[in-house]
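**Student:** From the sequence below, what's the structure:
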Amino acid sequence: LSAKRFRIGAGTTIRYRLSEPATVTLAFERVRLGRRVRGRCVKPKRRNRANRRCVRYVAARPALTFRNQAAGERRIRFTGRLSRRKVLTPGPYRLTLRARDAAGNRSAPLRARVTVLPRKRR
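**Tutor:** So this is what the prediction gives:
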């Protein structure tokens, strides 16, 4: 990542290397507080307010897919927009990058914590 903290519109550059042609998927998950219930991290509710705190991840849909990426050094410019209408809201996220080749083999996920900052006021 060129920057782990970036403003919506200004963005960041994501660099990675592929050993063979593949489809690359970028998924964003919002970092949220949760509560431990029976070994799992769940949404906080009145009922579980006395339980231990934990960190849970909520998927921001849709994931970005880049098809037919050539092998070698690749670079994606990301400005905070997931689709024509959907923009990430400011806050912390976990970014996961995965690659899948033509045979269906998947790479190990590459993860990074990023923080989206609000647009700069004029």
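**Student:** Given whichever strand or helix holds residue 113, what are its sheet partners and their directions?
**Tutor:** Using DSSP states H and E, residue 113 maps to strand 110-117. As defined by DSSP bridges, the strand partners of strand 110-117 come to strand 5-7 (parallel), strand 91-101 (antiparallel).
**Student:** and these, which is most packed in?
**Tutor:** Greatest average neighbour count among the strands paired with strand 110-117 goes to strand 91-101 (a mean of 17), per mean count of other Cβ atoms under 10 Å. For glycine as for every other residue, the C-beta is placed from the backbone atoms N, C-alpha and C.
**Student:** Run the chain-centre distance for that one.
**Tutor:** Centre-to-centre, strand 91-101 and its host chain are 4 Å apart (Cα atoms, centre = their mean, to the nearest Å).
**Student:** What lies in contact with it?
**Tutor:** Strand 91-101 is contacted from outside by 1, 14, 16, 18, 20-31, 57, 60, 69, 106-107, 109-116, using Cβ atoms under 8 Å, 6 or more residues apart in numbering.
**Student:** End to end on stretch 72-85, go ahead and measure it.
**Tutor:** 32 Å (Cα to Cα, to the nearest Å).
**Student:** same check, this time on stretch 68-85
**Tutor:** 25 Å.
**Student:** Now do the buried residues in that stretch.
**Tutor:** Residues of stretch 68-85 classed as buried: 69, 74, 76, 78, 80, 82 (neighbour count, 16 or more other Cβ atoms under 10 Å).
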